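*Asks:* can't give you the sequence, but here's the structure:
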Ligand code: HC0
Ligand code: SF4
Ligand code: SF4
């Protein structure tokens, strides 16, 4: 260890640490714009400037040397940081007041904190610095999920670091040099023609509003205000444990009742729970798995891959098409709920599908692309109908820009099952706009799609789909309750979690081997091993693109808390632990739906509405 004095206080940090590590160890906060919590720092922004033994140095790029004296806040350091921020501001558009991240922007916060003015004109009658510098006209809105406004980019590189090193997608990179240097998608082309899987992890680390979700909130607000449709909303499992952060509540707060109350206050006519269709997914996908294990004509190959994460589906379609037959034919819970609302619930309520708008609130940007897929429409009819498309790019035809989502559906043959997808962040923004506090008295979901079990909430965590599936498969095949409901082997933040369960099969027993893949970089490892024919063999593989699962989704509130994933994860486990129903097959509304509409899991009608197919 080396010992360093920071603002007069001695701290000791491991050898190899930086001055920034020492400053953090001393519990002192200094500005950083390029650092990602818990990761290597690109060192591009230089705003972590401090005084080390009388010399100005960027703390993140300076090794902590034994006996160093660090002062973080001197008038000279402040002036230096102010100067740096001033140059960035000179290159930044001045439309903060109407920017989507206004009030949530790390750069704006520093500008305010350091009172950084606009740079004065260089000379009378000459263009000012800003006019010479800020010149990226094209705002890339070609992706259904994310958009890029290069003028707002402060060139910190967090997004590039995340796309390359965390997700291992290598879609975002640096292009050109000097004043022209900028970030861009592959070959500096449009997002839609790149291999972007729409995960949005780049968006969630962007300190400004350069990368953002393709916003739907303005259209949804208009829908709620014009009241020309019955507006139904569904909420994903992971939203309830993160929305609180948007409202100023501590990370890890469970805000289910407040979420429902807020949606009702915003004017949604019916508030349903994606947890309901997560339970339904377990019935459909569990049945599919048992079928594949049994084998025989028409049974797909093992391992069965989960299909609820659209980022993962995008990767398979774009880069590993030979493994598509492994994907479960189940639609995701988001799309199952949309299909049921438009094709079963609406007719029962005397409504035509096009009289109803389905909005979902998701922790995910890729869900916007999923909802725009042409086969996810009324009448597209599951595995035999509709035209599957080839991945993220084609989906851009659906919703490229705000406002394109709703009406277009009808022209392209059948209205969409899910018309608009709001991220958790967008819902937070709508609530602030309408002055809806996070402290409303909690309200319950509406019936008949408002009941979800503890198992369904688990979907929000990596390992959760598996844990939910095991509960139901065990109980349905053995006829006995599971002795210990918590399946610890698939919990936590490790990259690939392996486990197995023994289930009765064909009069004997069968070990079902499971892999839970946490983060798309690890999925690539598993697929590369499958391609080579190496690595262990599995029967069931769960993949979630985002680390931690949907709790860490690209549409969740931006956070600088290094423990944010553990906090949200724990909140999900707490909801499950105290839930009155904890296994999907015990969901009474799911049972009722099978009785009155679908018959059995994997029936022809279930296939029509709840299953799909994929294209290479
Ligand atoms: Fe997820 Fe889902 S668990 S993908 O992460 O399966 O977005 O939360 O809504 O659809 O349920 C996201 C979260 C969902 C779906 C569910 C699944
Ligand atoms: Fe990379 Fe994901 Fe961002 Fe696409 S959405 S550029 S894959 S981090
Ligand atoms: Fe979306 Fe969840 Fe998949 Fe991330 S893990 S891409 S949030 S579905």
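*Replies:* Sure, I can see it. Treat the numbers as computed from the prediction; the structure is a model and nothing was measured. Ligands and ions are numbered 1, 2, ... in the order given.

*Asks:* which residues does residue 96 contact?
*Replies:* Taking C-beta atoms under 8 Å, 6 or more residues apart in numbering, we find residue 96 in contact with 102, 105, 108. Where you see a C-beta, it was placed from the backbone N, CA and C, and this is true even at glycine.

*Asks:* Residues contacting the host helix or strand of the last one, please?
*Replies:* Which is residue 108. Element membership of residue 108 [criterion: DSSP states H and E] is helix 106-113. Residues from elsewhere that reach helix 106-113 (C-beta under 8 Å, 6+ apart): 31, 33, 47, 85, 88-89, 92, 96, 101-102, 116, 154, 207-208, 560.

*Asks:* repeat that for 10 Å
*Replies:* Helix 106-113 has contacts (C-beta atoms under 10 Å, 6 or more residues apart in numbering) with 31-33, 45, 47, 81-82, 84-86, 88-89, 92, 96, 99, 101-103, 105, 116-117, 152, 154, 156, 206-210, 558, 560.

*Asks:* Tell me which residues of that helix come out buried.
*Replies:* Using 16 or more other C-beta atoms under 10 Å as the test for burial, helix 106-113 gives 106, 107, 108, 110, 111.

*Asks:* and the gap between whichever residue of the stretch 1-150 of the chain sits closest to ligand 1 and residue 613?
*Replies:* The stretch 1-150 of the chain approaches ligand 1 most closely through residue 145 (11.6 Å), counting by C-beta to the nearest ligand atom. Per C-beta to C-beta, to the nearest Å, residue 145 is found 21 Å from residue 613.

*Asks:* more crowded one of the two?
*Replies:* residue 145 (33 against 14; other C-beta atoms under 10 Å).

*Asks:* Which residue lies closest in space to that one, excluding its sequence neighbours?
*Replies:* The shortest distance from residue 145 to any non-neighbouring residue, by C-beta to C-beta, 6 or more residues apart in numbering, is to residue 198 (3.6 Å).

*Asks:* phi, psi of whichever residue of the stretch 1-150 of the chain sits closest to ligand 3?
*Replies:* The minimum distance from the stretch 1-150 of the chain to ligand 3, using C-beta to the nearest ligand atom, falls at residue 145 (9.2 Å). The phi/psi pair for residue 145 (degrees, to the nearest 10) reads phi -110, psi -40.

*Asks:* who's in contact with it?
*Replies:* So residue 145 contacts 191-192, 196-200, 203, 213-214, 310-311, 314, 364-370, 372, 392, 395-396, 399, 421, 423, 554-555 (C-beta under 10 Å, 6+ apart).

*Asks:* how far away is the residue in the stretch 51-200 of the chain that ligand 1 sits nearest to from residue 550?
*Replies:* Using C-beta to the nearest ligand atom, residue 200 is the residue of the stretch 51-200 of the chain that sits closest to ligand 1, at 10.3 Å. When distance is defined by C-beta to C-beta, residue 200 is 11 Å away from residue 550.

*Asks:* Give the residues shared as contacts by the two.
*Replies:* 363, 364, 367, 556.

*Asks:* In the residues you listed, find the pair that's most separated.
*Replies:* Based on C-beta to C-beta, the longest span within the shared contacts of residue 200 and residue 550 runs between 367 and 556 and measures 12.1 Å.

*Asks:* list residues touching both of these two?
*Replies:* Common contacts of residue 367 and residue 556 (C-beta under 10 Å, 6+ apart): 200, 423, 550.
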